[in-house]
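**Student:** For reference, the sequence and a predicted model appear below.
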Amino acid sequence: MVELTELPIDLNRVLESITDPECGAEVLFVGTTRQWTERLTSDGADEVETPEPSGQRVETEVLVYEAYQEMALKQLQELEQQARTRWPLRQVTIVHRLGRVAPKEASVAVAVSSPHRSEAFEAAQWLIDTLKHEVPIWKEEHYVQSGATWIHPTAGNCKCAPQEQPLPIPPE
């Protein structure tokens with residue numbers, strides 16, 4: 001199951017969707033909105049364009065997610081199928097929020113079930129990393145003290161990414 005939603009993610013529903021009597025492992029990854037983002041100086045993976053210098057923390061007011069929904073859903077379905085081909089998964093669920101997401105709220109949930117835990121962990125890790133790099137979902141971070149900035153997925157913030165090309169900016 002793949003889904004884009006403007007409603008809060010129901011994590012109990014996500015877990016119920018992957019429950020399978022043939023499986024001994026269920027892995028649920030939940031990505032949440034951080035209240036504070038630290039500007040990094042090493043590889044820039046989390047660096048954001050704000051007036052604060054590198055190494056400073058900025059407080060997040062809200063994240064706003066936008067997507068090219070038709071393409072995003074298609075790519076999420078393709079990722080689900082690729083994961084099922086690579087690992088012995090029984091159930092796969094991916095849910096991503098759109099719109100405004102406040103600190104501590106879930107932005108994304110990736111859940112898988114498999115007969116064994118190692119495959120479930122590997123598949124969930126691959127799914128979230130690949131989703132963040134390949135699926136056309138954009139995030140705009142709004143800060144309490146200093147405006148907002150778009151965060152673009154690049155190879156720098158995803159282990160799975162083969163090149164350093166950012167995704168295109170969403171249409172206005």
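**Tutor:** Cool, got the structure.

**Student:** what packs against the longest strand anywhere in the chain?
**Tutor:** Across the chain, the longest stretch assigned as strand under DSSP state E is strand 57-67. With contacts defined as 3 or more CB pairs under 8 Å, 6 or more residues apart in numbering; DSSP states H and E, strand 57-67 has these neighbours: strand 36-38, strand 91-97, strand 99-101, strand 137-143. C-betas here are computed from N, CA, C, even on glycine.

**Student:** Between strand 57-67 and whichever helix or strand comes after it, find me the angle.
**Tutor:** Using DSSP states H and E, the next helix or strand after strand 57-67 towards the C-terminus is helix 69-86. Inter-element angle recorded for helix 69-86 and strand 57-67: 100 degrees (by axes from the mean of the first three to the mean of the last three CA atoms, to 10 degrees).

**Student:** Count residues in the vicinity of the spatially closest residue to residue 82 that is not a sequence neighbour, would you?
**Tutor:** Closest residue to residue 82 apart from its sequence neighbours, by CB to CB, 6 or more residues apart in numbering: residue 130 at 8.0 Å. Neighbour count of residue 130, defined by other CB atoms under 10 Å: 19.

**Student:** Can you check what pLDDT the model gives residue 164?
**Tutor:** Predicted confidence (pLDDT) at residue 164: the value is 39.

**Student:** circling back: my reading is that the residue nearest to residue 82 is in a helix; is that accurate?
**Tutor:** Yes: counting by DSSP: H, G, I helix; E, B strand; the rest coil, residue 130 is found in a helix.

**Student:** isn't it right up against residue 78?
**Tutor:** No: assessed by CB atoms under 8 Å, residue 130 is found out of contact with residue 78, at 9.8 Å.

**Student:** Run the chain-centre distance for stretch 82-93.
**Tutor:** Distance of stretch 82-93 from the chain centroid (CA atoms, centre = their mean, to the nearest Å) equals 18 Å.

**Student:** returning to what we had before: specify the angle between the longest strand of the chain and strand 91-97 in degrees.
**Tutor:** Going by the same axes, to 10 degrees, strand 57-67 makes 110 degrees with strand 91-97.
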